[in-house]
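> Test case, fold it:
(2 chains)
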Amino acid sequence: MIRLSGRLRASLIIGGQGIRARKLRTFLSMVSLFLGVLAVVVVQAGAEIANRAMLADVELYQGKDGTRQMYVPPEGQAVPVALEVLEGRTDAVAMTTSRAIIGEPGVKPINEGGGPIDQVGDYTGPRMTCDQSGCYPVQDANSGAPSGQAVELQLVGLTGDVRQFRPFRPSQGRWLDFGGEPSLAPRLVLNEQAAKAFTRYHVPAEMRVDGATANPTPQIIGVVDDGGYQPAAYVRADELMNWMPVAELGDSSSGGGLQVLMTPTAVEVEHVLRARLVAAGTPEEQIHVNTVETLKRMSTELALMRWIFLGMAALVLLIGVAGILNVGLATVGERIEEFALRRAVGTPRLLLAGIVLAETLLTGLLTAALAIGAGVVGLQLAMTVFGSRFPALEGTAFPWQAGVAGVIAGLVAGVLGGLVPALRAARIPISTVMRA
Amino acid sequence: MTTTPLLVPPPPLIHLTGVTKTLKGQDEPRTILAGVDLTVRAGDSVAILGRSGSGKSTLLSLIGLFDRPDGGQYLLGGRDITRIPERKAAALRSAEFGFVFQRFFLLKHLTAAQNVAMALVNGQGWLPRRKRKAKVLAALDRVGIGHLAKHKPPRLSGGEQQRVAIARALVREPRILLADEPTGALDTETGNLVVEVLRQATEVGCGLVLVTHDHDHAAKMGRVLHLSDGLLRPAGQRVIA
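Take a look at the predicted model:
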């Protein structure tokens, strides 16, 4: 152990002396290697950041990995039973979906059908229903109404804080408070599409909800980014139920059914809910439960992309390795006398090889440190310049995986670039070189 | 009745018997050493004279374990090392031998002290920096250039450079000093100084084998041998055909 330690120290000391003696050559080796290691660092960092950004976007509308999702059909007493079971629970949240129109009373909404506000005219129109004889418009309150200033949106009733499952990004104002008593004026948190509509059209705030007994006046308290492309608003389910019977929440004509999001540990509530629903007459085969496995689903395609890019980076790295190899071979050629002398004074062949490898490894590590540093600075700059355009990247730190990849790339390049020169150095014959 | 202890002399440092070496190049194989016998004891100083190409340097490279003989036997301190593997040979070169060459072989980017320390930082054991420094300075002082420890070779004269090389050879306190034409690149006065430094090493029990063309320098050694026709003979002895 002591012997090995002595050899390791000797190779590091002599390697360091070699680097100091040939600063320009070391610098030129580093230049050719730098781009290769930087390519590996950038690809790895890019893949990690893209991975996180994609996951963050997908989580907004699909839920975090591991979330259990149950779909409760709208028929019978299923929705009232589910809401009763989930009341006051924090490990499971029910989401009801209704259609709502906010704006001038009795007018047809600007985006009839609830389509994106930027595409009014393209994707808007009366709701359609289809049967065997064809598709035709649904006869609802909008039928025959005059056009006016109103926005149609999807109204999502919540029994608890859904952000533990779907991490909406706050944009303005505040999120719903589920702690206090329900308000008679339903408090709404808009998504960004809905907020855009209300910024563009300053409409009077009367809210028409399908199935409601009267039209309440809503309070808009905040805006979130929920990753959706259609206008939507989130509301406490109990505040909505002040204005509509609970059975209407699951009305199939206004969206239908109910989605329950549960933590992976909420096994008990899942069993109770399933049992109560079956007891209330819901056929068991209509109750669907699945687990969100976004990472697993996406990992294959992400891994493929990463390997393709890493392959390209490896090619760039190879050019760097060729550079370090070229410089290494030239240096060994110049240092024949030094290596022969070192062998003459008792340096073993293995240590000689170690000295050359130590030099290329130190060069590789130094280059890796510079490339990682450049990566960190580059990311900071990119975040400063482009950060506001990509909210999903907000607060993104330099991924440690990219640092590890850079160090590994530096070491691999050092070994590949130094191996052949090291073997050559170890084979230099003493007697022919040292002859008088 | 008293008994006198039986005094057994220590084995010679170097004992070569019938050593042969043939060089195999592109042309016909050429026998360089045809059965060399040589014995060097502690404190001996041996000069080897001979024409260019007579095999002096080859003999020295066999003694210094740079190369292996084709035949014969090589005992070092009584131990047969004729077929010693390279790993053990490197350890012996470090522990037993000091080498001085005609061309000094100093590394220009290192100081005199660092050049001397090269023999200590060779993977054969590890000395802490302080001890290493003390040994290096002692070796430089021993050859009279302690004050030049921080100078790099380009700033030293030929004689000073050769003395740095001698300090490098002495720093591990070897039992045998091998010098291959150490004065070949020096003027007469400086050459005499270098030979004197080498000879002084024998006063503390070190064996010295000096390969030289200079008869004056050879005359300062305890024994003078002549290498010709692949054989080593005492100088002055004629070959009778």
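> leaving aside the residues next to it on the chain, what's closest to the closest residue to chain A within chain B?
Sorted by distance to chain A under C-beta to the nearest C-beta, the residues of chain B start with B:Ser94, at 2.4 Å. From N, CA and C alone the C-beta is placed, and that goes for glycine too. Excluding its sequence neighbours, the residue lying closest to B:Ser94 (C-beta to C-beta, 6 or more residues apart in numbering or on different chains) is A:Gly346, at 2.4 Å.
> thinking again about what came up before, what residues does the residue of chain B closest to chain A make contact with?
The contact partners of B:Ser94, taken as C-beta atoms under 8 Å, 6 or more residues apart in numbering or on different chains, are A:345-347, B:119, B:122, B:124, B:172.
> chain center to the helix or strand encompassing it: distance?
Assessed by DSSP states H and E, B:Ser94 sits inside helix B:86-96. Mean C-alpha position of helix B:86-96 versus that of the full chain (C-alpha atoms, centre = their mean, to the nearest Å) differs by 14 Å.
> With stretch A:356-369 instead?
Distance, stretch centre to chain centre, for stretch A:356-369: 34 Å (C-alpha atoms, centre = their mean).
> can you list the residues of chain B near chain A?
Within chain B, the positions lying close to chain A (C-beta under 8 Å from any C-beta of the partner chain) are B:57-58, B:61, B:64, B:66-67, B:86-87, B:90-95, B:99, B:101-103, B:105, B:107, B:109-110, B:114, B:118-119, B:121-126, B:168, B:180-181, B:184, B:211.
> Buried only: go through those for me.
Among these, those classed as buried by neighbour count (16 or more other C-beta atoms under 10 Å in any protein chain shown) are B:57-58, B:61, B:64, B:66-67, B:90-94, B:99, B:101-103, B:105, B:107, B:109-110, B:114, B:118-119, B:121-126, B:168, B:180-181, B:184, B:211.
> Taking chain A, what residue is nearest to chain B?
In chain A, no residue comes nearer to chain B than A:Gly346, which is 2.4 Å away by C-beta to the nearest C-beta.
> Would you confirm that that residue contacts B:Gly125?
No. Here A:Gly346 lies out of contact with B:Gly125, judged by C-beta atoms under 8 Å, at a distance of 9.8 Å.
> Direction included, what does the lengthiest strand in chain A pair up with?
With DSSP state E applied, the strand covering the greatest number of residues in chain A is identified as strand A:92-103. Partner strands and pairing direction for strand A:92-103 (DSSP bridges) are strand A:150-158 (antiparallel), strand A:206-209 (antiparallel), strand A:258-262 (antiparallel).
> what does chain A put close to chain B?
Residues of chain A found near chain B, taking C-beta under 8 Å from any C-beta as the criterion, are A:2-3, A:5-7, A:9-11, A:13-14, A:17, A:20-21, A:337-338, A:341-349, A:351, A:429-431, A:434-436.
> other SSEs contacting the lowest-mean-pLDDT helix or strand in chain B?
Lowest mean confidence among the helices and strands of chain B (mean pLDDT, DSSP states H and E): helix B:188-202, at a mean of 88. In this structure, helix B:188-202 makes packing contacts with helix B:158-170, strand B:176-180, strand B:207-211, helix B:215-219, judged by 3 or more C-beta pairs under 8 Å, 6 or more residues apart in numbering or on different chains; DSSP states H and E.
> where exactly do the strands run in chain B?
Listed in chain order, the strands of chain B (DSSP E) span B:14-23, B:30-40, B:45-49, B:71-76, B:79-80, B:97-101, B:176-180, B:207-211, B:223-228, B:231-234.
> Just put the contacts of B:Ser94 in a markdown table and tack on pLDDT and distance to A:Val162.
What follows is the contacts of B:Ser94, written out as a markdown table (pLDDT from 0 to 100; distance: C-beta to C-beta, whole Å):
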| residue | pLDDT | distance to A:Val162 |
| --- | --- | --- |
| A:Val345 | 90 | 75 |
| A:Gly346 | 91 | 74 |
| A:Thr347 | 91 | 69 |
| B:Ala119 | 92 | 75 |
| B:Asn122 | 83 | 70 |
| B:Gln124 | 82 | 71 |
| B:Arg172 | 91 | 77 |
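> State the pair within those residues that is farthest apart.
Within the contacts of B:Ser94, A:Thr347 and B:Arg172 form the most distant pair, 12.4 Å apart (C-beta to C-beta).
> Let me see the contact set for the most centrally placed residue in chain B.
For chain B, the residue lying nearest the average C-alpha position, counting by C-alpha atoms, centre = their mean, turns out to be B:Leu178 (0.5 Å). Contacts for B:Leu178 (C-beta under 8 Å, 6+ apart) come out as B:60, B:63-64, B:97-100, B:209.
> ok, now how distant is it from B:Val164?
As judged by C-beta to C-beta, to the nearest Å, B:Leu178 and B:Val164 stand 17 Å apart.
> how about the longest strand of chain A as CSV, C-alpha atoms only?
Provided in CSV are the C-alpha atoms of strand A:92-103 (Å, rounded to 0.1, in the frame of the first residue of the first chain):
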residue,chain,number,x,y,z
ALA,A,92,-57.1,12.4,-2.2
VAL,A,93,-58.7,15.2,-4.2
ALA,A,94,-61.8,14.9,-6.5
MET,A,95,-62.1,17.1,-9.6
THR,A,96,-65.5,17.7,-11.2
THR,A,97,-65.8,19.3,-14.6
SER,A,98,-68.6,21.7,-15.7
ARG,A,99,-69.1,24.1,-18.5
ALA,A,100,-69.3,27.8,-17.5
ILE,A,101,-69.8,31.0,-19.4
ILE,A,102,-68.6,34.3,-17.8
GLY,A,103,-69.7,37.6,-19.2
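> thinking again about what came up before, reformat the helices and strands packed on helix B:188-202 as TSV; add mean pLDDT.
Below are those laid out as TSV (pLDDT from 0 to 100):
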stretch	mean pLDDT
helix B:158-170	93
strand B:176-180	94
strand B:207-211	94
helix B:215-219	92
